[in-house]
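# Provided below for reference: sequence and predicted model.
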Amino acid sequence: MGSELDAAWRSVRDVLGTAAKDASALDTAWRSVRDVLGAAAKDASAAVAAGPAQAAHGVTETVARAVEADAANAPALVATFSDVSGGIVTTATSSTYVRGRDLIDEVDYRALRRARGTSSLGTSPTFEEIQRLQGFDGPVTIATPHEVAAAVTADRPALFRGFEEDRYVDAFIVGPVRPGGGTTGSGTYASPLEAVALSYTDPTRTQNLSTRQARVVKMALHPDANTITLRALESERSRTQAQVTRELEVERNIANRTGEFTARYFALLDKDLTLADIGQYGALRGWDAIDGSDTWSNREWAVLNPTALMVQR
């Protein structure tokens, strides 16, 4: 078994090393990686489950986690990126980083506004339905400190999020992520200021520092994540809403109103109400995160796509 794992790891490194130089090769690389890990998982899953991942015959913790996921028939994605400072190719095991697309002119806004599923996690079923349509409803990626550090750039800082209770931390990591709301609409909020995240862990100010620090998670955005500043997104949304307003005005001036008119008119009203939440607008456009750091004093970001988050563990 050990020789098969070593061979698998060497193959993975070769595949990912090539893919990191050419983004167009990633799809081919992933198919090769799955073939390699799939074969290794048949013999390795028991060993991985029996002890620490690091002890699986020299296979790194990250690859061992991928092998374990494959052995359990859970879909896993190996996301690759290059550490520019050292030219080191590293890997992070992801449940799936899903890239969004522009759905603004494709969705049924009447149906979207009436989404009231029993599995709703947060305060906005509409936002959660948009996440589902985009594939943004998967869990976060678990990453090593090195992987998180390698993903951080000047315009993609490390992000911190604080939780009031330990169980909320566990629920966030395991997923699905419960979206919330705030100054930037629907989304999952985080800040590049660790002190801001720390302040959310103990509203009563009764917990000691070590307990509070344990309730803060450090994260980075996936290197391929699509981000936009809050100011740019607001400008873009204003243009879209202006067009909806013009269309509504045309509908109001129709003299002989039919059933078709009524359906079209109320669909436009639903669209207008949906776009009023800038987080919902951003998610419909396919953005992964909104950077509000140049707008808010706490420099908060709103993450729309949890699958784009790499959480340090």
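Happy to help now that I have it. Residues are numbered from 1 along each chain as shown.

# what's whichever strand or helix holds residue 244 packed up against?
Assigning secondary structure by DSSP states H and E places residue 244 in helix 230-252. With contacts defined as 3 or more Cβ pairs under 8 Å, 6 or more residues apart in numbering; DSSP states H and E, helix 230-252 has these neighbours: helix 259-275, helix 278-285, strand 289-291. (C-beta placed from N, C-alpha, C; glycine too.)

# can I get the ones you listed in JSON lines including distance to residue 103?
Formatted as JSON lines, the entries for these read as follows, by distance: least, Cβ to Cβ, whole Å:
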{"stretch": "helix 259-275", "distance to residue 103": "11"}
{"stretch": "helix 278-285", "distance to residue 103": "5"}
{"stretch": "strand 289-291", "distance to residue 103": "17"}
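
# among the ones you listed, which comes closest to residue 145?
Of all the helices and strands packed on helix 230-252, the one in closest proximity to residue 145, counting by Cβ to Cβ, is strand 289-291 (20.9 Å).

# listing partners with orientation, what would you give for the helix or strand following that closest one?
The helix or strand immediately downstream of strand 289-291 is strand 301-303, counting by DSSP H and E. When pairing is defined by DSSP bridges, strand 301-303 lines up against strand 188-190 (antiparallel), strand 289-291 (antiparallel).

# could you say what helices and strands the helix or strand just after the first one packs with?
Proceeding N to C from strand 188-190, the next assigned helix or strand is helix 194-199, under DSSP H and E. Taking 3+ Cβ pairs under 8 Å, 6+ apart as the contact definition, the neighbouring helices and strands of helix 194-199 are strand 159-162, strand 216-221.

# quick one: closest of those to residue 232.
Across the helices and strands packed on helix 194-199, closest to residue 232 is strand 216-221 (Cβ to Cβ), at 16.5 Å.

# one step back: can you list the strands paired with strand 301-303 in a markdown table and add distance to residue 155?
What follows is the strands paired with strand 301-303, written out as a markdown table (distance: least, Cβ to Cβ, whole Å):
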| stretch | distance to residue 155 |
| --- | --- |
| strand 188-190 | 15 |
| strand 289-291 | 8 |
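
# tell me the most buried of those?
Counting by mean count of other Cβ atoms under 10 Å, strand 289-291 has the highest mean neighbour count of those, with a mean of 26.

# residue contacts, residue 284?
If a contact means Cβ atoms under 8 Å, 6 or more residues apart in numbering, then residue 284 has 102, 103, 104, 107, 130, 134, 274, 275 as its contacts.

# adding distance to residue 176, write the helices and strands packed on helix 194-199 out as CSV.
As requested, the helices and strands packed on helix 194-199 are exported to CSV (distance: least, Cβ to Cβ, whole Å):
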stretch, distance to residue 176
strand 159-162, 15
strand 216-221, 16
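
# among those strands, which comes closest to residue 261?
Taking Cβ to Cβ as the criterion, strand 216-221 is the member of these that comes nearest to residue 261, at 44.0 Å.
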